[in-house]
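# got a predicted structure plus its sequence, pasted below:
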Amino acid sequence: TNAGSYLGDGPIVSTQILYQHANSQWMSELVTADIWRLNNLEPKTLYYVCVRLTRRGEGGAGHPGPTTNFVTAAVGLSPPRGLLLVPNSTTALKLSWQPINQHLE
């Protein structure tokens with residue numbers, strides 16, 4: 001959290017988080033707590049994010065602050081290792097693999 005004092009012409013009445021990933025529109029969320037979580041992000045994706053503060057009155061919405069970026073983590077299990085595909089008959093195949101806790105040598 002970065003909820004320090006603000007200098008300026010009046011109290012901050014709202015805070016928005018603006019974010020986007022490559023080739024997409026900027027999206028925004030109104031922040032209503034000191035710590036905020038962005039949900040429904042794509043795995044293994046680069047996002048850009050910044051914050052915009054708003055004060056009361058005309059022209060109260062400030063310019064977006066500096067942009068930073070982050071990459072979301074991958075989800076799920078790693079792919080199987082040691083795949084082996086063997087014909088079982090003319091209409092069937094046998095597929096086997098090594099369990100995740102074993103290592104190939």
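Sure, I can see it. Numbering: from 1, shown residues only.

# tally of neighbours for the closest residue to Leu46 other than its chain neighbours?
Using Cβ to Cβ, 6 or more residues apart in numbering and skipping the chain neighbours, the partner closest in space to Leu46 is Val71 (5.2 Å). Yep, even glycine has a C-beta here, placed from its N, CA and C like the rest. Neighbourhood size, Val71 [other Cβ atoms under 10 Å]: 11.

# contact partners for Val71?
44-47 (Cβ atoms under 8 Å, 6 or more residues apart in numbering).

# ok, so of the residues you listed, who is nearest Pro11?
Tyr47 (29.4 Å; Cβ to Cβ).

# was I right about the closest one contacting Ile17?
No - in this structure Tyr47 lies outside contact range of Ile17 using Cβ atoms under 8 Å: 10.7 Å.

# shared neighbours, those two?
In contact with both Tyr47 and Ile17: Leu38, using Cβ under 8 Å, 6+ apart.

# turn the contacts of Val71 into a markdown table, including pLDDT, neighbour count and distance to Met27.
Conversion of the contacts of Val71 to a markdown table gives the following (pLDDT from 0 to 100; neighbours: other Cβ atoms under 10 Å; distance: Cβ to Cβ, whole Å):
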| residue | pLDDT | neighbour count | distance to Met27 |
| --- | --- | --- | --- |
| Lys44 | 90 | 9 | 18 |
| Thr45 | 94 | 14 | 13 |
| Leu46 | 96 | 12 | 15 |
| Tyr47 | 97 | 18 | 10 |
